[in-house]
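S.K.: from the sequence below, what's the structure:
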Amino acid sequence: MEEQQLTERQSLQIITEMIQKAKANYHTSGASAILWGSVVAIAGLVSFAERQWGFSIGFDIWLIVLAAIIPQVFIRIREKRSKRVVGYEEALMDAIWLVYAIGLFALIFYLNIVPGITEKFFAGQGRQLLTKDLATGRLETLHPFVPSAASLLLILYGIPTLITGIGMKFRPMLIGGILCYVYFVISCFTTTPFDYLLNGLAAITNWLIPGLILRHRASKAKPC
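M.R.: Here you go, the predicted structure:
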């Protein structure tokens, strides 16, 4: 009986030690947040500058957001190899951000495809959208577009950030998510160039700053 109790105590102690080691080894590097915060901030700020001061860098700056998928894959592979334990909460957060990425791709696809398809539908019906200059009476062709498309991106940015901030009790992302919806409300009253400026600011407050905080915490958690 004593031997059995001793074995049970030893087993319980081993389990407790494993849990403590798992907690000690668990940390989030913040690399993904820094990556996406940086590229979206650059894309938003450059888009604002191009429209505000009338110049072009020669290519669509938002392509760097698409290109960021490649380093993101390597980051995820490296993080999975370095982590010994993946908790339920982290798996849930991964799923939320995956769905967010799919939703973001779907929205960007919509913004790029639907206006052109709409114009073709009108043409097939023998119709055309026109605008009239009230001062001169001149008519010009109006190509279909989604008004304030950058505002829609702000709505999507805030969803996973706010969920992460609330669910993981991570105040920087909670604040970032709230600010994102503040930026959205502001964008409803601004022109397109300033909508892109707000996109850049949202990326900084949503991901870049929280990512740098996570990076700092992760570096302190590493064993000397």
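S.K.: now do the helices in this structure.
M.R.: 2-25, 31-53, 63-67, 69-82, 88-124, 149-167, 171-187, 192-203, 209-221 (DSSP state H).
S.K.: can you say which of these is packed in most?
M.R.: A comparison of the helices of the chain by mean neighbour count, using mean count of other C-beta atoms under 10 Å, puts helix 192-203 on top with a mean of 23. Every residue, glycine included, has its C-beta placed from N, CA and C.
S.K.: of the helices of the chain, which is nearest residue 141?
M.R.: Among the helices of the chain, helix 88-124 comes nearest to residue 141, with 9.5 Å by C-beta to C-beta.
S.K.: who does the closest one touch, helix- and strand-wise?
M.R.: helix 149-167 (3 or more C-beta pairs under 8 Å, 6 or more residues apart in numbering; DSSP states H and E).
S.K.: could you tell me the angle between the helix it packs on and helix 31-53?
M.R.: When axes from the mean of the first three to the mean of the last three C-alpha atoms, to 10 degrees is applied, the directions of helix 149-167 and helix 31-53 differ by 150 degrees.
S.K.: residue numbering should commence at 162 henceforth.
M.R.: Yep, numbering from 162; the last one is helix 310-328 now.
S.K.: quick one, helix 310-328 and helix 353-364 angle?
M.R.: Using the same axes, to 10 degrees: helix 310-328 against helix 353-364 is 20 degrees.
S.K.: using PDB, list the CA coordinates for helix 310-328.
M.R.: What follows is helix 310-328, C-alpha atoms only, in PDB (Å, rounded to 0.1, in the frame of the first residue of the first chain):
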ATOM      1  CA  ALA A 310     -12.800  50.100 -49.900                       C
ATOM      2  CA  ALA A 311     -10.100  50.800 -47.400                       C
ATOM      3  CA  SER A 312     -12.800  51.300 -44.700                       C
ATOM      4  CA  LEU A 313     -14.000  47.800 -45.300                       C
ATOM      5  CA  LEU A 314     -10.500  46.500 -44.700                       C
ATOM      6  CA  LEU A 315     -10.500  48.300 -41.300                       C
ATOM      7  CA  ILE A 316     -13.600  46.400 -40.200                       C
ATOM      8  CA  LEU A 317     -11.900  43.100 -41.000                       C
ATOM      9  CA  TYR A 318      -8.600  44.100 -39.400                       C
ATOM     10  CA  GLY A 319     -10.300  44.600 -36.100                       C
ATOM     11  CA  ILE A 320     -12.100  41.300 -35.800                       C
ATOM     12  CA  PRO A 321      -9.200  38.900 -35.000                       C
ATOM     13  CA  THR A 322      -7.200  41.500 -33.200                       C
ATOM     14  CA  LEU A 323     -10.100  42.300 -30.800                       C
ATOM     15  CA  ILE A 324     -10.900  38.600 -30.300                       C
ATOM     16  CA  THR A 325      -7.200  37.900 -29.500                       C
ATOM     17  CA  GLY A 326      -7.100  40.800 -27.100                       C
ATOM     18  CA  ILE A 327     -10.200  39.800 -25.200                       C
ATOM     19  CA  GLY A 328      -9.600  36.000 -25.300                       C
END
